[in-house]
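Q: Coordinates for the following, if possible.
(2 chains)
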Protein chains: 2
Amino acid sequence: MSVTAAQGFEAAGVAVGLKSSGNPDVAVVVNRGPLKVGAAVFTTNRAKANPILWSEQVIRDGIVEAIVLNSGGANCFTGSFGFQTTHQTAEKAAALLGVGASDVLVCSTGLIGTGDEVFRGKVLAGTEQGIAELSSDGGQAASLAIMTTDSKPKRAVVRRDGWNIGGMAKGAGMLAPGLATMLVVITTDAVLTSEEADAHLRAATRVSFDRLDSDGCMSTNDQVTLMVSGASGVTPDPDGFRDALTEVCTDLARQLQGDAEGASHDITIEVVGAASEEDAVEVGRSVARNNLFKAAIFGNDPNWGRVLAAIGTTDAEFDPYDVDVFMNGVRVCSQGGPDASRDEVDLTPRATHLRIDLRVGRSHATILTNDLTHDYVHENSAYAT
Amino acid sequence: MSVTAAQGFEAAGVAVGLKSSGNPDVAVVVNRGPLKVGAAVFTTNRAKANPILWSEQVIRDGIVEAIVLNSGGANCFTGSFGFQTTHQTAEKAAALLGVGASDVLVCSTGLIGTGDEVFRGKVLAGTEQGIAELSSDGGQAASLAIMTTDSKPKRAVVRRDGWNIGGMAKGAGMLAPGLATMLVVITTDAVLTSEEADAHLRAATRVSFDRLDSDGCMSTNDQVTLMVSGASGVTPDPDGFRDALTEVCTDLARQLQGDAEGASHDITIEVVGAASEEDAVEVGRSVARNNLFKAAIFGNDPNWGRVLAAIGTTDAEFDPYDVDVFMNGVRVCSQGGPDASRDEVDLTPRATHLRIDLRVGRSHATILTNDLTHDYVHENSAYAT
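A: From the prediction side, this is the model:
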């Protein structure tokens, strides 16, 4: 169901040949109202794709009628021609839907530098075809059309008393950074103002997608969008809505982690005892980006020395010689020295839990990452071909 | 010849079983004077190995009589017992040489967490044996004894009118970060004060070892040491000495790059047109640390989009839509858009040249890195076993 689980939304996914595989490659999601509220967060990369440059303008008034997404080409670093392609995509959708182009978001994902006339023709054709095929159960098709290297679609639904949230995602990574472009569309029939939608979306992504750091590489195209129809007529309790939205975002983030390119371990890095949440995030992220640590986990090697070497590069408050490290429940390092034998740690399960206790405070944070594998190198050395 | 190419130095390399291979694993370099000047730079990792904690104290007065180095164990995160091992190593060498322990530097490299009683016994035995075997042509043996995953020793010699510089290195990386621990010992028979030695060493490492960023992982044990005997009796022209020292450091840095774990491409990232040297370094380093770019080069894929995505994460002054990118001489991206066809770029040679023109100023810098390969993942997933 994904984005059509909430009332007031229609969606479609169609194939127009952007992907050589012939799989679906253009998705459209339309908000039938009564509210037309939208919020979005974007990659913080300064090198932004044309759809990001466009969508940043669209979202300013908090009104979104529709979103068009394509896989099979990022339309990034494609010059003014590429920006015009994005603009024409929004205009095409707007004309067919009878709305303003400035209320139509556009997302693209695929190889950077792809965005020529052939690309434009296919995206425009897909926009037209997608709008022709819109339906209130098109969420599943839409979630298939945004996939690139994903092995399966990512969808999530949360139902509450009288209102619903549905979502779809592709890619594996985070807003900043991202393994590959991460695109997420979330819909709700709850009644929210644009200010509320924006605040809830920022709060939810901060502790979900922003904590997913698969390979430390920030994408040029990442976008997470929330569309609000208000079709349920129910105004939710703010905390209840934020919790539900966070649940959907976390669910999708976990699905992205579980399908990260070439990964063989899903690593949960739990940092506790930090002086601040910022410190906990910085420490977790430093480990998530350490290739030596990530390669060791691939080899089922509980190499805690690489954990300490990684956190030693941060500015977080801690004493390197008073840190505890646990791997899958076994304390392999206590107060900066060896503790339990490496042999006691079983790293064969895909789910891997690293716990770092900085022993200086009460703040904590959890970062999600993956191991560095032969398949990661293979997929990313052959991506363009 | 390495460290014994300069007059006034003796060295040795011996095998005491720290390495399971039985290869040499303890090196000693002694300065016979008449000057006993020393300077050193260390890892900036806050998680410092015991030999670093010791050597930082030794170097304070600018006087160094000898240095003892071992491979086969990093003596990092080994607690106070590990620090005592380092201290006892310096005391053992000092007693045998008839000098003060506070003038003896110690370096270790190998697996973090290794530093038990067996380790201590072997290091102390190696210190004694090494000092017994000191000779004025022991530089070659010393350079073999500091190797870990190195496939060959790294040595460099520069001879000038009346004075000489010799050096040896192990590892592949930089002071901060380092692929594996980088240990470097450089000797000279030129006449220098400790202030001059320190200033020259910092200037030379800043543009050589500090520009080598093989895998973005900072070591706990990195140390670069300069020992000055003054045995030539010649006081060099300061600029001439600095140039010669930079030449030795750059030569050794290139050797480290060429032997980086699992690498199949040596990538020179030349950043020009920057507003400042700092900007150029930041931009080059962001590309050097981008796994997607590094995997693409492994696959001989001129994926310039990943270059722009990497530099978009920096704070350097530039317009993402006015950047030129050249790969092995072919301009694949001009002003942020596609230029020459990818097909024109030949990435099959090991030597790979990436040139980034930010087009905002006249500053420049060069960063050395490697590609991300299957062999890198393999070596680093199996290192502890």
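Q: and A:Gly13, which of the three is it?
A: strand (DSSP: H, G, I helix; E, B strand; the rest coil).
Q: burial count for it?
A: Around A:Gly13 there are 28 other residues, counting by other C-beta atoms under 10 Å in any protein chain shown. Yep, even glycine has a C-beta here, placed from its N, CA and C like the rest.
Q: which ones are touching it?
A: A:Pro24, A:Val26, A:Ala27, A:Gly130, A:Gly138, A:Gln140, A:Ala141, A:Ala142, A:Ser143, A:Leu144, A:Ala145, A:Ile146 (C-beta atoms under 8 Å, 6 or more residues apart in numbering or on different chains).
Q: right, and the pair among those residues with maximum separation?
A: Taking C-beta to C-beta as the measure, those span a maximum distance of 15.0 Å, between A:Val26 and A:Gln140.
Q: Between those two, tell me which one has more neighbours.
A: Ranked by neighbour count (other C-beta under 10 Å), A:Val26 and A:Gln140 place A:Val26 first, with 29 against 16.
Q: The more buried one pairs with what?
A: A:Val14, A:Asn70 (DSSP bridges).
Q: doesn't A:Val16 make contact with it?
A: Yes. The criterion here is C-beta atoms under 8 Å, and A:Val26 meets it with A:Val16 at 5.7 Å.
Q: So for those two, which residues contact both of them?
A: A:Lys122, A:Val123, A:Gly126, A:Gln129.
Q: Can you tell me how far A:Leu134 is from A:Ala11?
A: 7 Å (C-beta to C-beta, to the nearest Å).
Q: Same check on A:Arg211?
A: 28 Å.
Q: Once you drop chain neighbours, what's closest to the closest residue to chain B within the stretch 51-200 of chain A?
A: Nearest residue of the stretch 51-200 of chain A to chain B (C-beta to the nearest C-beta) works out as A:Ile112 at 2.5 Å. Counting by C-beta to C-beta, 6 or more residues apart in numbering or on different chains, B:Gly305 is the residue found nearest to A:Ile112 once chain neighbours are left out, at 2.5 Å.
Q: thought that neighbour was touching A:Gly110?
A: No. Using C-beta under 8 Å, B:Gly305 makes no contact with A:Gly110, being 10.1 Å away.
Q: A:Gln335 - how many residues pack around it?
A: Residues contacting A:Gln335 under the criterion other C-beta under 10 Å number 14.
Q: what does A:Leu372 give?
A: Applying other C-beta under 10 Å, we find 29 residues neighbouring A:Leu372.
Q: can you give me the strands in the stretch 251-385 of chain A?
A: For the stretch 251-385 of chain A, the strands defined by DSSP state E, counting those that start in this stretch cover A:266-274, A:324-327, A:330-334, A:337-338, A:351-357, A:363-370.
Q: how about TSV for those, with distance to chain B, mean pLDDT and mean neighbour count added?
A: Shown next, in TSV, are these (distance: least, C-beta to the nearest C-beta, whole Å; pLDDT from 0 to 100; neighbours: other C-beta atoms under 10 Å in any protein chain shown):
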stretch	distance to chain B	mean pLDDT	mean neighbour count
strand A:266-274	14	97	22
strand A:324-327	10	97	22
strand A:330-334	7	95	19
strand A:337-338	4	86	18
strand A:351-357	12	97	20
strand A:363-370	11	94	23
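Q: So which of the ones you listed is nearest B:Arg362?
A: For the strands of the stretch 251-385 of chain A, proximity to B:Arg362 was assessed by C-beta to C-beta; strand A:363-370 is nearest, at 39.6 Å.
Q: what angle sits between that closest one and strand A:266-274?
A: Interaxial angle, strand A:363-370 versus strand A:266-274 (axes from the mean of the first three to the mean of the last three C-alpha atoms, to 10 degrees): 160 degrees.
Q: got the angle for strand A:363-370 vs strand A:351-357?
A: Using the same axes, to 10 degrees: strand A:363-370 against strand A:351-357 is 150 degrees.
Q: what packs against strand A:363-370?
A: For strand A:363-370, the packing partners by 3 or more C-beta pairs under 8 Å, 6 or more residues apart in numbering or on different chains; DSSP states H and E come out as helix A:238-258, strand A:266-274, helix A:277-288.
Q: what would these look like in JSON lines with distance to A:Val41?
A: Listed next are these as JSON lines, based on distance: least, C-beta to C-beta, whole Å:
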{"stretch": "helix A:238-258", "distance to A:Val41": "11"}
{"stretch": "strand A:266-274", "distance to A:Val41": "23"}
{"stretch": "helix A:277-288", "distance to A:Val41": "17"}
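Q: now A:Ile356, nearest residue through space, not along the chain?
A: Once flanking residues are discounted, A:Ile356 sits nearest to A:Val271: 4.9 Å by C-beta to C-beta, 6+ apart.
Q: for A:Met147, same thing?
A: Nearest non-adjacent residue to A:Met147, counting by C-beta to C-beta, 6+ apart: A:Lys170, 5.3 Å away.
Q: close enough to count as contact, that neighbour and A:Arg155?
A: No. Contact criterion C-beta under 8 Å: A:Lys170 and A:Arg155 do not qualify, at 10.6 Å.
Q: the more surrounded of these two?
A: Set A:Lys170 next to A:Arg155 and count neighbours by other C-beta under 10 Å: A:Lys170 wins out with 29 against 22.
Q: so who does that one touch?
A: By C-beta under 8 Å, 6+ apart, A:Lys170 lies in contact with A:71, A:109, A:143, A:146-148, A:150, A:153-154, A:181-184.
Q: just the residues you listed: which has the poorest pLDDT?
A: Least confident of the contacts of A:Lys170 in the model: A:Thr181, at 71.
Q: My read is that that one contacts A:Val224, right?
A: No. Here A:Thr181 lies out of contact with A:Val224, judged by C-beta under 8 Å, at a distance of 11.5 Å.
Q: which residues are common contacts for these two?
A: The overlap between the contact sets of A:Thr181 and A:Val224 (C-beta under 8 Å, 6+ apart) is empty.
Q: which residues sit in contact with A:Ala288?
A: A:Asp213, A:Gly216, A:Ile267, A:Ile269, A:Lys294, A:Ile367, A:Leu368, A:Thr369.
Q: Got the confidence number for A:Thr385?
A: 40.
Q: Kindly report the residues of the stretch 51-200 of chain A close to chain B.
A: Residues of the stretch 51-200 of chain A lying near chain B by C-beta under 8 Å from any C-beta of the partner chain: A:Ala74, A:Cys76, A:Phe77, A:Thr78, A:Gly79, A:Leu111, A:Ile112, A:Gly113, A:Ala176, A:Pro177.
Q: In a markdown table, list the residues you listed along with secondary structure.
A: Output for these, formatted as a markdown table (three-state DSSP):
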| residue | secondary structure |
| --- | --- |
| A:Ala74 | coil |
| A:Cys76 | coil |
| A:Phe77 | coil |
| A:Thr78 | coil |
| A:Gly79 | helix |
| A:Leu111 | coil |
| A:Ile112 | coil |
| A:Gly113 | coil |
| A:Ala176 | coil |
| A:Pro177 | coil |
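Q: Throw those into JSON lines and include pLDDT and neighbour count, thanks.
A: Formatted as JSON lines, those follow (pLDDT from 0 to 100; neighbours: other C-beta atoms under 10 Å in any protein chain shown):
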{"residue": "A:Ala74", "pLDDT": "91", "neighbour count": "31"}
{"residue": "A:Cys76", "pLDDT": "92", "neighbour count": "32"}
{"residue": "A:Phe77", "pLDDT": "89", "neighbour count": "29"}
{"residue": "A:Thr78", "pLDDT": "89", "neighbour count": "27"}
{"residue": "A:Gly79", "pLDDT": "86", "neighbour count": "14"}
{"residue": "A:Leu111", "pLDDT": "83", "neighbour count": "17"}
{"residue": "A:Ile112", "pLDDT": "84", "neighbour count": "27"}
{"residue": "A:Gly113", "pLDDT": "83", "neighbour count": "23"}
{"residue": "A:Ala176", "pLDDT": "45", "neighbour count": "19"}
{"residue": "A:Pro177", "pLDDT": "41", "neighbour count": "27"}
